[in-house]
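Visitor: Take this sequence and fold it.
(one chain, ligands or ions: 3)
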Amino acid sequence: MTEVLPDKTAERGPLLSVQNLTVEFKVGRGRVAHAVSDVSLEIYPGETVGVVGESGCGKSTVGKAIVQLVKSKSGSIFYDGRNLAQLSGKELREVRLRLQMIFQDPISSLNPRRKVVDIVREPLAIWKVGDAASRQSRARDLLEQVGVDPDNAGARRPYELSGGQCQRVSIARALAIAPQLLICDEPVSALDVSVQAQVLNLLEELKQEHQLTVIFISHDLSVVKHISDRIVVMYLGRIAETAPAQDIYERPAHPYTYGLLAAIPEKVLALGGETSAAAVSGELPSPINPPSGCRFRTRCFRAQERCAREVPELRPIAPGHEVACHFPLEPGEIPPELASK
Ligand SMILES: Nc1ncnc2c1ncn2[C@@H]1O[C@H](COP(=O)(O)OP(=O)(O)O)[C@@H](O)[C@H]1O
Ligand code: SF4
Ligand SMILES: [Mg+2]
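Guide: Ligands and ions are numbered 1, 2, ... in the order given. Presented below is the predicted three-dimensional model:
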């Protein structure tokens, strides 16, 4: 994690600016899943932004909408000052080279019929970067950089490698054409715990080496803690809270963030002991018919009548810290609603 937050007044401006992004999926019989609703976020060059929330809250959809893998219903996505929706096919393909995404399931996201070295070389061949010999040597270099031995593993197919090795190969492929923004969608969730830290460390090293800006998606707040400068907490398609990583862990203001933290064993004591263990109970409601007002209200320990009527807007409560809640927690507060249980 970098010590200094990016200077938002810097002339450069954000690398990525997502404004009021809304994505809906038709799910049959006239029904619509409100996967992402009115999400706005800005990512500055060099930042690592963690996007967290339970499975189904819209994290992957945000990532896919940014790289144009899913169509948005409304809103805009500016990359390096250019509105992706207004680019021609050729321009968009060029910009997309700068935006790469890696996915949770490394084995199925790699072509099973191709050799590892060819998988990494493929983007270079498609974009006709250098000649055949230089592409081969770059692919081998990239494999070495991600800790996969090109002599030993280069000629193998993905199913002959472990999940961790496959994820390294997909990282190498994503880096082949010097991306600026890397969107990592649960890149370690399918890996053994012992391998997770290795892949996280690798991403951290590569980020420095390749000067990457990173969006790191995870359902697990403890995974994003060490690598994120800033964290965005999502709930049922909306942003619940966003803040510098340290503030999220030390001064969670949204009851949902508090609940997510309370589920991390080593955080329970810091947040008020046994009182907080069941801070978020029940299932995520369906995005087909989300609750009125605050979408979290059906599971929130401090919901009141106003929460059903009024959608809470994101508003600042401290520098860089925004929360979408009518009754946010005070810094250091142990919610009395939980303490009395
Ligand atoms: N292609 C799709 N068609 C229909 N519903 C989808 C599709 N992709 C995602 N969804 C729905 O959108 C919601 C958000 O999904 P997703 O972005 O994958 O969440 P997350 O990555 O946070 O687990 C979920 O309810 C999911 O079922
Ligand atoms: S707005 Fe109300 S229901 Fe929503 S998180 Fe805040 S207190 Fe809970
Ligand atoms: Mg996902």
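
Visitor: all contacts plus neighbour counts: C-alpha atoms, from now on.
Guide: Fine.

Visitor: So the most centrally placed residue in the chain: helix, strand or coil?
Guide: Closest residue to the average C-alpha location of the chain: residue 217 at 2.4 Å, with Cα atoms, centre = their mean. On the three-state scheme (DSSP: H, G, I helix; E, B strand; the rest coil), residue 217 is labelled strand.

Visitor: Pretty sure it sits against residue 55.
Guide: No. If you go by Cα atoms under 8 Å, residue 217 and residue 55 don't touch, sitting 10.7 Å apart.

Visitor: what residues are shared contacts of these two?
Guide: Shared contacts of residue 217 and residue 55, defined by Cα atoms under 8 Å, 6 or more residues apart in numbering, are absent.

Visitor: for the residue in the stretch 51-200 of the chain that ligand 2 sits nearest to, phi and psi?
Guide: The stretch 51-200 of the chain approaches ligand 2 most closely through residue 53 (13.9 Å), counting by Cα to the nearest ligand atom. Main-chain dihedrals, residue 53, degrees, to the nearest 10: phi 160, psi 160.

Visitor: and residue 298, what does it touch?
Guide: Going by Cα under 8 Å, 6+ apart, residue 298 touches residue 291.

Visitor: ugh, wrong one, residue 187
Guide: Remark: with contacts taken as Cα under 8 Å, 6+ apart, residue 187 is in contact with 102, 103, 104, 105, 106, 167, 217.

Visitor: These in helices, which ones?
Guide: Residues of these located in helices (DSSP state H): residue 167.

Visitor: so which of the contacts of residue 187 would you say is closest to residue 133?
Guide: Distance to residue 133 across the contacts of residue 187 (Cα to Cα) is lowest for residue 167, with 25.0 Å.

Visitor: ok, the nearest residue to that closest one once chain neighbours are set aside to residue 161 distance?
Guide: Take residue 167 and drop its neighbours on the chain: the residue closest to it by Cα to Cα, 6 or more residues apart in numbering is residue 106, 4.9 Å away. Here residue 106 is placed at a distance of 10 Å from residue 161 (Cα to Cα, to the nearest Å).

Visitor: Who has more neighbours out of these two?
Guide: residue 106 (23 against 15; other Cα atoms under 10 Å).

Visitor: Hmm, the more buried one is touching residue 166, no?
Guide: Yes. If you go by Cα under 8 Å, residue 106 and residue 166 touch, sitting 5.4 Å apart.

Visitor: Just the helices from the stretch 201-341 of the chain, written as ranges.
Guide: All helices of the stretch 201-341 of the chain, identified by DSSP state H, counting those that start in this stretch, fall at 221-224, 245-250, 255-262, 265-268, 305-309, 336-339.

Visitor: Can you say which of those is packed in most?
Guide: Mean neighbours per residue, mean count of other Cα atoms under 10 Å, is largest over these for helix 255-262, with a mean of 24.

Visitor: now that one: how far from the chain's centre is it?
Guide: Taking Cα atoms, centre = their mean, to the nearest Å, the mean C-alpha location of helix 255-262 is offset from the chain mean by 18 Å.

Visitor: which helices and strands sit right next to it?
Guide: Secondary-structure packing of helix 255-262 (3 or more Cα pairs under 8 Å, 6 or more residues apart in numbering; DSSP states H and E): strand 238-244, helix 265-268.
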